[in-house]
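Q: I would like the atomic coordinates for the input below:
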Amino acid sequence: MIVEEHWWNGEAATRGRRDIYIRTDGRRWEVQAQIGGAHGRSEVLECFSRSSASILARAWRGGNPAWRMLPH
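A: Sure thing, here's the model as predicted:
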C-alpha cells in the first residue's frame, strides 16, 4: 500500500500523537487511524473509493483544522 495522504495532530510526544493515513494499492483504498506513534494502537478500515476514504479520514480528524497534512 502507498500512503496517499497523512495527517497528524501536531503532538510530538508519543503518548498524545494521533495520525490518520489514506493508502491505496491502486485498486483498494483504506484509512488508518493510529494513536500513540508507530508502536501505538491503530484501526484500519477499507473504503470503496478515494472519496469515501477522504470522508472517513475527515470524520476521524473531527473536522479539526489544527491537524497538519504531511507530505508523501
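Q: what about Glu4, how many neighbours?
A: Glu4 has 15 neighbours, counted by other Cβ atoms under 10 Å. In short, each C-beta sits where N, CA and C put it, glycine included.
Q: what's near enough to touch it?
A: 22-24, 50, 72 (Cβ atoms under 8 Å, 6 or more residues apart in numbering).
Q: cutoff 10 Å now
A: Shown in contact with Glu4 (Cβ atoms under 10 Å, 6 or more residues apart in numbering): 21-24, 29, 50, 53-54, 57, 72.
Q: just those now: which is nearest Gly36?
A: Tyr21 (14.5 Å; Cβ to Cβ).
Q: find the nearest non-adjacent residue to the closest one, please.
A: Gln32 (4.4 Å; Cβ to Cβ, 6 or more residues apart in numbering).
Q: how near is the one you found to Glu46?
A: Between Gln32 and Glu46 the distance is 11 Å, computed by Cβ to Cβ, to the nearest Å.
Q: check Arg28 too.
A: 6 Å.
Q: what touches both of these two?
A: Both Arg28 and Glu46 are in contact with Ala53, where contact means Cβ under 10 Å, 6+ apart.
Q: sorry, back to before: between Gln32 and Glu46, tell me which one has more neighbours.
A: Neighbours were counted for Gln32 and for Glu46 using other Cβ under 10 Å; Gln32 has more, 18 against 11.
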